[in-house]
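Colleague: Okay, sequence plus prediction incoming.
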Amino acid sequence: MTMRNSLAFAATLTVLAASPAWAGAGHDHSPKHGGIVAEVKDVDFEFVLKADVIHVHVRGHKPVKLEGATAKLSLLNGSQKTEVPLTLVGDKFEAKGSFDVSKGTKGVAVITFAGMAPKTARFEVKK
């Protein structure tokens, strides 16, 4: 292999490694519901936060079974902490009420899937 071919090959590998297609199917971590995405190992949690409702969408590289799962969310605003129990509603977790979810709000969610160790996802509201 000549030096020119070696450089071309190395450049091709660099482009492929940076390409989302190279990462494989299901590796897209962008928000699908307009929320904040937190990745925990092979599972993405998307937090859609509104003043009167919170949704947590769950997706993985492989299908994620939500039946039998439990979840709770802690919202942190400065020294104020609000515990929010989440209920499984269809294909997502949900909480209804009155929530302070302004810029700077931090959240810690603990989701326990049936037969698995709990997963902890953290996020911060940037806007």
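Modeller: Noted; the coordinates are in hand.

Colleague: low-scoring stretches of the chain, by residue?
Modeller: 1-27 (pLDDT under 70).

Colleague: Going along the chain, name the helices of it.
Modeller: Using DSSP state H, the helices assigned to the chain run over residues 3-18, 20-23.

Colleague: my guess is residue 66 meets residue 87, correct?
Modeller: No. Using C-beta atoms under 8 Å, residue 66 is not in contact with residue 87, being 11.3 Å away. Every C-beta, even on glycine, is put in place using the N, C-alpha and C of the backbone.

Colleague: shared neighbours, these two?
Modeller: Common contact partners of residue 66 and residue 87 (C-beta atoms under 8 Å, 6 or more residues apart in numbering): none.

Colleague: For the two, indicate the residue with more neighbours.
Modeller: Using other C-beta atoms under 10 Å, the more surrounded residue of residue 66 and residue 87 is residue 66, with 17 against 11.

Colleague: Who's the closest spatial neighbour of that one, skipping the chain neighbours?
Modeller: Nearest residue to residue 66, sequence neighbours excluded (C-beta to C-beta, 6 or more residues apart in numbering): residue 88, at 5.8 Å.

Colleague: Identify the residues contacting that neighbour.
Modeller: For residue 88, the contacting residues are 66-67, 69, 71, 94, by C-beta under 8 Å, 6+ apart.

Colleague: any idea how far it lies from residue 73?
Modeller: Residue 88 sits 13 Å away from residue 73, going by C-beta to C-beta, to the nearest Å.

Colleague: What is the burial count for residue 124?
Modeller: Using other C-beta under 10 Å: residue 124 sits among 12 other residues.
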